[in-house]
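Give me the fold of what follows.
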Amino acid sequence: MRRQRGKSDPIDTENAARAVLAGTATATPKSGEGTVEMSRHLKISRDGAVKARTQAMVTLKALIVTVPDELRQQLQGLPKMTLIERCAGLRPGPVTSPAASAKHSIRAMARRWKDLHDEVKEHDVLLGQLTKAHAPDLVDAFGIGTDTAAEVLVTVGDNPERIRFQAAFAKLEGVCPVPASSGRTNRHRLNRGGHRQLNSALYRVMIVRMRFHQPTIDYVARRTAEGKTKQEITAVSSGTWPGSSTSTSRPSNHLRKRFDEL
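Below is the predicted model of the structure:
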C-alpha cells in the first residue's frame with residue numbers, strides 16, 4: 001500500500017481505518033499497566049547506559065594510543081578493570097602540559113565508565129527482582145539471564161493473552177519459516193522479520209545452550225552425524241528453518257517439535 005500510494009499521516013490514518021473496517025486489523029495492543037511496563041522503563045535506561053559505557057571504553061583506549069610515551073607505556077596491555085582503576089586514580093595536577101591534559105581526560109573517562117558500570121548493575125538488580133517475581137519459571141530456565149528474560153517479557157507485554165498461539169509468538173520473534181515455494185518446488189526460507197531484539201536474545205540463549213546444556217549438546221552431535229552444517233544446526237536450534245529446494249517438512253510440524261524440545 002505504501003509503495004502504491006506513498007506515506008503520510010493522513011494516508012496512514014486512512015489505511016488503519018480501512019484495515020479495522022475490513023477486519024484485518026485484529027491485533028490487541030499492550031496494556032502497559034503492570035510489572036512488564038516497569039521492566040521496559042528500566043531496560044531502556046539500562047540499554048542506554050550499556051551503550052554509553054561501551055563508548056567510554058572505546059574512547060579511553062583510543063586516547064591512550066596517542067598520549068605521551070611515558071604515560072602510554074604505563075597503561076597499555078593492562079586488563080580492563082585494572083586499566084579503569086589505574087586511570088581513575090591518576091593525579092593530573094595543573095593542566096599545563098600535554099601529559100597533564102591527557103591524564104585529566106583519561107581520568108574523566110575512566111570515572112565516567114565506573115559511574116555507568118554502577119548504573120548498569122543497579123538496573124540489573126531491579127530488573128532481576130521484577131522478572132523473578134513476574135516470571136520465575138522463565139528466569140530459572142537454562143541459559144536465560146535477567147536481560148534476556150526482560151526482553152522476552154517486554155516484547156510480550158503485560159497482557160500475554162493477546163498472543164493466542166505458539167505460532168503467533170514464533171511469528172512475533174521472527175523464527176517461523178516463511179513459505180518460498182513455486183511450481184514443483186516446496187521449500188521455506190528464513191524469516192528476516194520479527195522483533196529483532198527478541199530474536200537476538202533467543203539466539204544468545206541458543207548459543208549458551210549449545211555450549212553448556214547437555215541435551216542441546218547431544219542434539220548438535222546427532223544433527224552433525226546426520227551431515228548437517230553448523231549453520232543449519234544453529235538455524236534449527238534457534239527455531240528458524242533454513243530453506244532448501246528438497247525440504248518438504250511442514251512449518252507447523254517443525255515448530256511444534258521445536259517447542260516440545262525447548
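
Identify each of the helices in the stretch 1-150 of the chain and give its residue range.
2-5, 9-22, 35-66, 69-75, 80-88, 98-134, 136-140, 146-156 (DSSP state H, counting those that start in this stretch).

tell me the most buried of these?
Of all the helices of the stretch 1-150 of the chain, helix 146-156 carries the top mean neighbour count, a mean of 23, counting by mean count of other Cβ atoms under 10 Å. Just so you know, the C-beta spots here come from the backbone N, C-alpha and C atoms, and that holds for glycine as well.

And the next helix or strand past it?
Moving toward the C-terminus from helix 146-156, the next helix or strand (DSSP states H and E) is helix 166-173.

before we move on, the earlier item: redo the helices of the stretch 1-150 of the chain as JSON lines? Include mean pLDDT and distance to Glu226.
Converted to JSON lines, the helices of the stretch 1-150 of the chain look like this (pLDDT from 0 to 100; distance: least, Cβ to Cβ, whole Å):
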{"stretch": "helix 2-5", "mean pLDDT": "78", "distance to Glu226": "42"}
{"stretch": "helix 9-22", "mean pLDDT": "90", "distance to Glu226": "44"}
{"stretch": "helix 35-66", "mean pLDDT": "95", "distance to Glu226": "39"}
{"stretch": "helix 69-75", "mean pLDDT": "92", "distance to Glu226": "51"}
{"stretch": "helix 80-88", "mean pLDDT": "95", "distance to Glu226": "42"}
{"stretch": "helix 98-134", "mean pLDDT": "95", "distance to Glu226": "37"}
{"stretch": "helix 136-140", "mean pLDDT": "90", "distance to Glu226": "31"}
{"stretch": "helix 146-156", "mean pLDDT": "91", "distance to Glu226": "29"}
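
Out of the ones you listed, which gets nearest to Thr185?
Taking Cβ to Cβ, helix 2-5 is the member of the helices of the stretch 1-150 of the chain nearest to Thr185, at 26.5 Å.

So what's the gap between the closest one and the chain middle?
32 Å (Cα atoms, centre = their mean, to the nearest Å).

Quick check on the closest residue to His188 other than its chain neighbours: phi, psi?
Once flanking residues are discounted, His188 sits nearest to Pro177: 3.7 Å by Cβ to Cβ, 6 or more residues apart in numbering. In terms of degrees, to the nearest 10, the main-chain angles of Pro177 are phi -70, psi 150.

ok, how many other residues are close to Pro177?
Residues lying near Pro177 (other Cβ atoms under 10 Å) number 24.

Could you do Ala141 as well?
14.

I figured the residue nearest to His188 hits Leu190, correct?
Yes: applying Cβ atoms under 8 Å as the test, Pro177 and Leu190 come out as touching, 7.5 Å apart.

re earlier: want to throw the helices of the stretch 1-150 of the chain into TSV with distance to Arg164?
Converted to TSV, those look like this (distance: least, Cβ to Cβ, whole Å):
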stretch	distance to Arg164
helix 2-5	28
helix 9-22	19
helix 35-66	18
helix 69-75	57
helix 80-88	46
helix 98-134	20
helix 136-140	19
helix 146-156	12
